[in-house]
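Engineer: model the structure of this input:
(chains A, B and C)
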Amino acid sequence: MGSLNSYLPIFLLAVLAVAFAALSLVASKLLAPKRPTVAKEEPYECGIVPTYEPPRRFPVRFYLVAMIFVIFDVEVIFLFPFAVIYNQLGRFGLVEIIVFALAVFFSFIYLIANGALDWGPVKATKPNIGDGAMRTTRGTVRRYGSKDNKAA
Amino acid sequence: MSIAPSWYLTLAAMLFSIGVIGLLIRRNVLVMLMCVELMLNAANLTFVTYSRALNDISGQAAVFFVLVVAAAEVVVGLGIIVAIFRRKTGATADDVHLLKD
Amino acid sequence: MITGVIAAQALHLPHVNYTTIMPELILLGGMLVLLLVSALFKKALPRDFYATSVVGVGVASLIASLVLYHDVASHGPFTAIAHSIDIDGFSVLFLTLVSCIMIVYPFFAHAYLQREGLDGVEFFALPLISGAGAMFMASANDLILIFLGLEILSLPLYVMAGMDQRREASGEAAMKYFIMGAFSSAIFLYGMALTYGATGSLNLAEISAFLAKNYIFGNGVLLAGMGLLLIGFLFKIAAVPFHYWSPDVYQGSPTIATGFMAAIAKAGAFAAMIRVFMATFPTLASDWQPLLWVIVVLTTLFGAVVALVQKDVKRMLAYSSINQAGFILLGLQADTSKGIGASLYYVFIYSFLILGTFAVVAIAGARGDAIHDIDDLRGYAKSHPFLATSLAIFLVAQAGAPFTTGFLAKLQVVTAAIDAHSYALAVIAMISAAIATGFYLRIVYVMFGDGTDTRVSVPAEKEVYSVSPLGQLGVSPWLFTGIVLCLSVTILFGFWPQPLVDFATHAKLLFV
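Structural biologist: Residues are numbered from 1 along each chain as shown, chains lettered A, B, ... in the order given. This is a model prediction of the structure:
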């Protein structure tokens, strides 16, 4: 177990960090004066008391790009072992990896064709509203209410 | 220096349990997704540990595939979550309750 | 460390025999071509084109499967590609089944999309991926490949569940399916890792050989691994303690996707499950058989009883499919080659039944895919005689009526259980079948009883299909063909079951 000694500094650092954090939390809990009033508990000082947090806009496009990135990132997982023994694999390996890369590339073309990388104003998507059962007041209101979120 | 494989296996088992419990008790869909990731990585750790202990490469090869599958799963999962919650305020599983007996 | 291990051994390239995975390659290649074509054309291509292409791809993979069947019949079963693929009667049966599902599905998808006025490649490309995954699961001889197949099968299904963006329920179904599916995959994977640790291999044949050589008693890691694998499979087939996602998912998904997932997920999961438990863990049968005993009892009874009180057709069919899964497990629980044959036959015919059933339910759901109360089917026989009669046939076949494929399926699994001396189990299964008959006949009664069809969209429907001479029946030519295909399988093999029974009973596993 002697070789564990080299880990000692890291271990000590970890202990110190945890201890410091724990100590700070406990100390502030014990020492800080606590005199809550109704007004203090409110999230905002004036105005109508909110019943729920307002919806935040977030650009969905970032998710899309990030997700596409993840796929290509992961493609490298297979490229890496291939590259390590590239010479020994010969033509067989090359053909296989090209087929693999093509498969990923085809789906990339599909993504581009579907506008995954189009920035700028969102193209108005065809409002695909069914008739009959779908045309309820509730559904329509919800649809129009959600338009802003979509454009964000 | 060497640490007995059983430590790694115990760690993996603990991670897996944390993932299972987290998935069952947490209600935020993103956190649930992270719990699934935790479970997958616990399995990965087990694979690698056994691979080392058995001196057999196939366990490490499995990890490669699991990593890819995990990434694909995250992409599909996030896609679904984004598609649902674009029109909602927060990603809470309890908000989604149209379907029940 | 990786490089170190590799450098120590001379690199030995496996011989890759591509014909053994040709059906999978055809499906995946077809999918890529469809995606590419859809991307390269600016204008949306007609759904006729996509549906025809998928049928073509399905036929091609069916031919490739039959070529493999011929190989097995003439040279016997064999393994390929570094022993990770098993080509035996068993895998060939499933390759054939999945190809057939791929041929039938586009007819229904076309009808559904036409009714909804939707276009797009997704409803046709995603199932192809799923089908390839199911095929990999069926022919895999390696736990990694089974896991990959499971994921390839599942991921497109999650997306398909959420494809109907106009209904919130669809998104909810996708999310539930995804969370539960990912959860069960992770459990399955951890089971794989433990099994690997206990036996030192991921190859099913090697695991089986290891277990046969080494008498292992009470090895916690091995048992835990096997148990987790079992749980992973039971999640996928929705057996009872692990079923709770399935009614929500079945109800929320676009109905046509529900039918597809019910057929393909069961086929793939049962294929892998039977191979893993029959061929890999036969020495541990005394451990998994009692577990399965309990699960079969719970699954058959629970599915049948809860289905009785459902108001929604899709939900009722979800519980009914839980009940059916119990019957398929019954054959596996027997742990005999007869039981396996019975289970295989059951999976085979059930795929067509469930596809046909959900196709009719999808069309009956009217535009918007939202009218699925059982009461909404009142008077359906008067407004749509052809569809109502087809649905009635599919339902009584699921109930196990004579002269349909369902009868022999139920008979065979129950006989297998009796042969294995599980008398109690056989009796319980029969009781659940009797209960199940109740809710199947209830729908038939509602459809053919008094009352008039009150659904709003009946005129619109006639309008959509009026271009065809079949329009008066309320069906498009595509839908008609698909339903006739499913019906003919159900009735033809109901009267003349021998070829299919032979096919199933000769589907021996390579390593048993």
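Engineer: point to the residue nearest the middle of chain B.
Structural biologist: When Cα atoms, centre = their mean is applied to chain B, the residue found nearest the centroid is residue B:37 (2.2 Å).
Engineer: any idea how far chain B is from residue C:380?
Structural biologist: In this structure, residue C:380 and chain B are separated by 24 Å, where distance is defined by Cβ to the nearest Cβ, to the nearest Å. In this view, the C-beta of every residue, glycine as well, is placed from N, C-alpha and C.
Engineer: now swap in residue C:365 and tell me
Structural biologist: Note on residue C:365: its distance to chain B, by Cβ to the nearest Cβ, is 15 Å.
Engineer: so the nearest residue to the residue nearest to the centre of chain B once chain neighbours are set aside is in which element?
Structural biologist: Taking Cβ to Cβ, 6 or more residues apart in numbering or on different chains, and ignoring the residues beside it in sequence, residue B:37 has residue B:70 as its nearest neighbour in space, at 6.2 Å. Taking DSSP states H and E as the definition, one finds residue B:70 inside helix B:58-85.
Engineer: quick one: mean pLDDT for that helix?
Structural biologist: For helix B:58-85, mean pLDDT is 89.
Engineer: before we move on, back to that, quick one: the residue nearest to the centre of chain B and residue B:78 touch, right?
Structural biologist: No: if you go by Cβ atoms under 8 Å, residue B:37 and residue B:78 don't touch, sitting 11.5 Å apart.
Engineer: which residues sit in contact with residue C:319?
Structural biologist: Residue C:319 sits next to C:247, C:302-304, C:306-307, C:310 when contact means Cβ atoms under 8 Å, 6 or more residues apart in numbering or on different chains.
Engineer: picking that back up, quick check: buried residues in the helix holding residue B:70?
Structural biologist: Neighbour-count burial for helix B:58-85 flags B:58-81, B:83-85 (criterion: 16 or more other Cβ atoms under 10 Å in any protein chain shown).
Engineer: again with stretch C:60-78
Structural biologist: Within stretch C:60-78, judged by 16+ other Cβ under 10 Å, the buried ones are C:60-62, C:64-65, C:68-69, C:71-72, C:77.
Engineer: contacting residues around stretch B:3-13?
Structural biologist: B:42-43, B:45-46, B:48-50, B:52-53, C:193, C:197.
Engineer: what comes up buried for the helix or strand that contains the residue nearest to the centre of chain B?
Structural biologist: For residue B:37, the element it lies in under DSSP H and E is helix B:29-54. Taking 16+ other Cβ under 10 Å as the neighbour-count basis, helix B:29-54 is seen to contain the buried residues B:29, B:32-54.
Engineer: part of a strand, is residue A:71?
Structural biologist: No: the assignment for residue A:71, made by DSSP: H, G, I helix; E, B strand; the rest coil, is helix rather than a strand.
Engineer: so it makes contact with residue A:104?
Structural biologist: Yes: look at residue A:71 against residue A:104 with Cβ under 8 Å: they come within range, at 7.0 Å.
Engineer: show me what residue of chain C gets nearest to chain A.
Structural biologist: Ranking the residues of chain C by distance to chain A (Cβ to the nearest Cβ) places residue C:39 first, at 3.5 Å.
Engineer: what is the burial count for that residue?
Structural biologist: 18 (other Cβ atoms under 10 Å in any protein chain shown).
Engineer: that one: which element?
Structural biologist: Residue C:39 is part of helix C:22-40 when elements are defined by DSSP H and E.
Engineer: next SSE downstream of that helix?
Structural biologist: Stepping forward along the backbone from helix C:22-40, the first helix or strand reached (DSSP H and E) is helix C:47-75.
Engineer: which strands and helices sit next to the helix or strand just after that following helix?
Structural biologist: As assigned by DSSP H and E, the chain's next helix or strand after helix C:47-75 is strand C:78-80. For strand C:78-80, the elements it packs on are strand C:85-87, judged by 3 or more Cβ pairs under 8 Å, 6 or more residues apart in numbering or on different chains; DSSP states H and E.
Engineer: what helices or strands is the strand it packs on leaning on?
Structural biologist: For strand C:85-87, the helices and strands in contact under the criterion 3+ Cβ pairs under 8 Å, 6+ apart are helix C:47-75, strand C:78-80, helix C:122-139.
Engineer: each with direction, which strands does the second one pair with?
Structural biologist: In other words, strand C:78-80. In its sheet, strand C:78-80 lies beside strand C:85-87 (antiparallel), with partners assigned from DSSP bridges.
Engineer: now the helix or strand following the partner strand against helix C:47-75, angle please.
Structural biologist: Per DSSP H and E, the first helix or strand lying C-terminal to strand C:85-87 is helix C:89-116. On the basis of axes from the mean of the first three to the mean of the last three Cα atoms, to 10 degrees, helix C:89-116 is oriented at 170 degrees to helix C:47-75.
Engineer: ok now helix C:89-116, how far from the chain's centre?
Structural biologist: Taking Cα atoms, centre = their mean, to the nearest Å, one finds helix C:89-116 lying 10 Å from the centre of the chain it belongs to.
Engineer: residues near the closest residue to chain C within chain A, how many?
Structural biologist: Using Cβ to the nearest Cβ, residue A:113 is the residue of chain A that sits closest to chain C, at 3.5 Å. Neighbours of residue A:113 under the rule other Cβ under 10 Å: 15.
Engineer: now render the contacts of residue C:319 as TSV, adding neighbour count, secondary structure and pLDDT.
Structural biologist: Putting the contacts of residue C:319 into TSV (neighbours: other Cβ atoms under 10 Å in any protein chain shown; DSSP: H, G, I helix; E, B strand; the rest coil; pLDDT from 0 to 100) gives the following:
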residue	neighbour count	secondary structure	pLDDT
C:247	25	helix	94
C:302	19	helix	94
C:303	27	helix	93
C:304	25	helix	94
C:306	21	helix	93
C:307	25	helix	93
C:310	21	coil	90
